[in-house]
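Student: Sequence and computational prediction follow.
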Amino acid sequence: MGQDSPEADSSDSADESTERVRTTKRTFLQGTGATLGAGMVPVGASSAFERSNVASPSNAVAEAADGMVSSVHPQATEAGVEVLENGGNAIDTAVAVQFALNVVQPHSSGIGGGGFTLVYSAAEDEITAIDNRERAPLGAQPDMFLDNQGEEVPFFDRHTNGKAVGVPGTLKAADVAVKRFGRTPLDELLQPAIELAAPGGRTVTVDEFLAGSIADNVDDGALTPTAREVFAPGGDPLEAGDELVQSDLADTLRTIRDDGIGSFYKGEIAEDIAETVQGAARSRKTGGSMTVDDLGRYNVAITRPTYETYDGDAHEITVRTMRSPTSGGYVIAQILALLESFDLAQYDRRSFDVYHRLIEAFQLAFADRNEYLGDEEFVDIPWQGLLDDEYVDARRRIIDPETATSATREPGDPFAHQPGGQYYTSPRDIEQAKHDGNASGARNGKGNEPRTNSAVAHPGQTTHFTTADAEGNVVSWTSTIEQLFGSGIMVPGRGFMLNNELTDFDATPGGPNEVQPEKRPLSSTSPTIVTRDGDPFLTVGSPGGWSIIHTVSQILLNVAEFGMDIDDAIAEPRVYSATGTWVDAENGVPDDAVDELNAAGHDVSTVDSIGNAQSILVKEDGGYVGVADHRRNGSAGSPS
């Protein structure tokens, strides 16, 4: 995490890890070498849904003994199930699902983007994180999203130009994952996606979510002409029920199949990507700086996940998710730590008492997130201070049990609880500190300047999927191109969309999440593997920008604190709040609870949905329950 943080090594023994859990329930360790047991944990089978081997979108829960896939789209799930049936393991399966999603959900995921991946290897008995977050090109500058007057460029203009495009990581992650953990050649795992994309192959029908996304992006002019030719042929947006054919994408996937990923990062596809990004001015206001060298320099980072132990009324669980540059692991950990001693199970799950405490904890955690977090390769993150017992206790005492308070929306000072003092990991920050005459570097050398973040007004979209096999391997993977259709830029002749992930940086320079060359923008992505008694228990993740953190946190609480089965835990209505007095509440939140929240000073709006989780739960006998969130047309499936 930084120079004095525990890195991905084996210096922490299992006994040491156990001792830390005994001394404090709020254990948040980076890069532990503690091993996981091979046994499975008991869980009561849910009766909320009828079980089937391959669940339909209307009944997206499946149960099986020898493997499971859960994704946002039935055809992506089917592609994964085929790999399992043909002898592939969970890692092979996840890669096939990712490629299929590029075809059936091209507005949310694909080789033009990146993400974060957790792999539990049963043979190695540990969890490995594969960070495939996009990076800024070498030509990126801290002020590149400001106009000539020093004002922020409007978000629409920022995200629909070449400057927004980060160097993609998804394809490199797929290649590394298969080489490190899989057993099926990458070319075979590409084949289902090729058949889905090619004319005369497997028919892909536009669903309602994709149709709505196409219509919105055509209407506001977000898509380049190349993209409109695919998604609005003849000028008319494809509608639900129409067939989606992507000939150029099929050809690109064939090239990668035949020539390897080098064609994407150093060869002909890389040249086309760089030319498209730089030449975006032909259809956008501004082109980007990405070069073939930027693509060739890219590599994934192999790390260890963060973890937080939560001692709930129903289960004591250990939550393992991603470290920087995503904020998910740290913020989920702090939310759970803030809520643990409230004993939420004493209240009705849909009561004011629970919702109010959730909202206030969300706001405390996000105040710290937005003040202190960024890419750990460039800035000093006070991750130990954020989870220090004394600090968490002090932050919790800010919460008034009866009313909303503005104090929850102010950041604390975790550096006061961070061992070793603050330091720098970026040469630029060192020079800035010298310039400021502040060698110790308050707030990463830039002071407490106000910054804006567009995550609320312009929430990104993404996709989460998860797989498991008969050997006990498990994958939890969240993949994204940021906004729906990313930057709106499709690479001509190649058929895939390019991300707009660099808009996840703060547009105004000065904070830990400012743009810098080769830096990774802060994310909220939270692919999660939960263990209980050291054994794999469940996976979970979601799309939704900032609300990913809220979705995952509430599902974990529903299981660990309230004892819900996993399908009920995912179906439970959610709330979402991060900054200001605003609160989003799903329709299922009771009216009387909404009234109480409003009376307490929250400004509640009712929304149709928050997040879209996919999950796999490990049963007592080693089998699996797969769940796809009812909020979209997802699917869980297993070998027949």
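Tutor: Thanks, I have the structure now. Numbers count the residues shown, from 1 in each chain.

Student: for the closest residue to Gly329 other than its chain neighbours, phi and psi?
Tutor: Counting by Cβ to Cβ, 6 or more residues apart in numbering, Gly329 lies nearest to Thr306, which is 3.4 Å off, once chain neighbours are set aside. For glycine as for every other residue, the C-beta is placed from the backbone atoms N, C-alpha and C. The phi/psi pair for Thr306 (degrees, to the nearest 10) reads phi -70, psi 160.

Student: Please determine how far Thr306 is located from Phe181.
Tutor: Thr306 is 20 Å from Phe181, where distance means Cβ to Cβ, to the nearest Å.

Student: now swap in Glu152 and tell me
Tutor: Remark: distance between Glu152 and Phe181 (Cβ to Cβ) = 42 Å.

Student: was I right about Val97 contacting Glu78?
Tutor: No. The pair Val97 / Glu78 is not scored as a contact, 9.5 Å apart, by Cβ atoms under 8 Å.

Student: that older thread, ok, Thr306 and Phe181, which is more surrounded?
Tutor: Neighbours around Thr306 and Phe181, counted as other Cβ atoms under 10 Å, are more numerous at Thr306. The numbers are 27 against 22.

Student: Beta-bridge partners for that one, please?
Tutor: With DSSP bridges as the criterion, Thr306 is bridged to Gln30, Thr321.

Student: Verify the stated contact: it with Met322.
Tutor: Yes. In this structure, Thr306 is within contact of Met322 by Cβ under 8 Å, at 7.0 Å.

Student: list the residues that contact both of those two?
Tutor: Gly329 (Cβ atoms under 8 Å, 6 or more residues apart in numbering).

Student: What average pLDDT does whichever strand or helix holds Ile616 get?
Tutor: According to DSSP states H and E, Ile616 maps onto strand 614-618. What strand 614-618 shows for mean pLDDT is 97.

Student: Name the residues that touch it?
Tutor: Strand 614-618 is contacted from outside by 40-41, 43, 68, 70-72, 464-468, 474, 535-542, 555, 566, 570, 624-629, 634, 636, using Cβ under 8 Å, 6+ apart.

Student: Which members of those occur in strands, if any?
Tutor: Judged by DSSP state E, the contacts of strand 614-618 include 68, 70-71, 464-468, 474, 535-541, 624-628, 636 as members of strands.

Student: Specify the local secondary structure of the closest residue in space to Ser553 that isn't next to it in sequence.
Tutor: Ranked by Cβ to Cβ, 6+ apart and with sequence neighbours excluded, the top spatial neighbour of Ser553 is Ile335, at 4.9 Å. Here Ile335 is recorded as helix under DSSP: H, G, I helix; E, B strand; the rest coil.

Student: And Leu358, by the same measure?
Tutor: helix.

Student: quick one: the residue nearest to Val300 when sequence neighbours are not counted from Thr478, how far?
Tutor: The spatially closest residue to Val300, leaving aside those adjacent along the chain, is Asn132, at 4.8 Å (Cβ to Cβ, 6+ apart). Using Cβ to Cβ, Asn132 is found at 10 Å from Thr478.

Student: which residues are common contacts for these two?
Tutor: Here Asn132 and Thr478 have Gly115, Phe116, Thr117 as joint contacts, going by Cβ under 8 Å, 6+ apart.

Student: what's the helix or strand for the last one?
Tutor: Secondary structure assigned from DSSP H and E places Thr117 in strand 114-121.

Student: partners of that strand, with directions?
Tutor: Sheet partners by DSSP bridges: for strand 114-121, these are strand 126-132 (antiparallel), strand 474-482 (antiparallel).

Student: Check these for me and report the most buried one.
Tutor: strand 474-482 (a mean of 31; mean count of other Cβ atoms under 10 Å).

Student: pLDDT on that strand, on average?
Tutor: The pLDDT scores in strand 474-482 average 97.

Student: Would you mind extracting the C-alpha trace of that strand into PDB?
Tutor: Extracted in PDB, the C-alpha atoms of strand 474-482 (Å, rounded to 0.1, in the frame of the first residue of the first chain):
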ATOM      1  CA  VAL A 474     -13.800 -19.200  -7.200                       C
ATOM      2  CA  VAL A 475     -13.600 -16.000  -9.200                       C
ATOM      3  CA  SER A 476     -15.200 -12.600  -8.500                       C
ATOM      4  CA  TRP A 477     -14.700 -10.100 -11.300                       C
ATOM      5  CA  THR A 478     -16.000  -6.600 -11.900                       C
ATOM      6  CA  SER A 479     -15.400  -5.200 -15.400                       C
ATOM      7  CA  THR A 480     -16.200  -1.800 -16.800                       C
ATOM      8  CA  ILE A 481     -15.900   0.800 -19.500                       C
ATOM      9  CA  GLU A 482     -17.300   3.400 -17.100                       C
END
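
Student: Just checking: what are the partner strands of the helix or strand following that strand?
Tutor: Counting by DSSP H and E, the next helix or strand C-terminal to strand 474-482 is strand 528-532. Strand pairing for strand 528-532, using DSSP bridges, gives strand 316-321 (antiparallel), strand 535-541 (antiparallel).

Student: And the pLDDT for the residue nearest to the spatial centre of the chain?
Tutor: Centroid check for the chain by Cα atoms, centre = their mean gives Thr525 as the closest residue, at 2.1 Å. Looking at Thr525, its pLDDT is 95.

Student: Against Ser324, how distant is it?
Tutor: 11 Å.

Student: swap in Arg304?
Tutor: Taken as Cβ to Cβ, the span from Arg304 to Ser324 is 12 Å.

Student: Can you classify the closest residue to Ala361 other than its chain neighbours as helix, strand or coil?
Tutor: Excluding its sequence neighbours, the residue lying closest to Ala361 (Cβ to Cβ, 6+ apart) is Leu338, at 4.3 Å. Here Leu338 is recorded as helix under three-state DSSP.

Student: Same check on Val559?
Tutor: Going by three-state DSSP: Val559 is helix.

Student: Check the gap between it and Gly260 for me.
Tutor: Val559 is 41 Å from Gly260, by Cβ to Cβ.

Student: between those two, which one's more packed in?
Tutor: For Val559 and Gly260, the more surrounded residue by other Cβ under 10 Å is Val559, and the numbers stand at 28 against 15.

Student: Is it correct that the more buried one is in contact with His315?
Tutor: Yes. If you go by Cβ under 8 Å, Val559 and His315 touch, sitting 6.5 Å apart.

Student: Can you list the buried residues in stretch 147-166?
Tutor: Val153, Phe155, Asp157, Arg158, His159, Thr160, Asn161, Gly162, Lys163, Ala164, Val165, Gly166 (16 or more other Cβ atoms under 10 Å).
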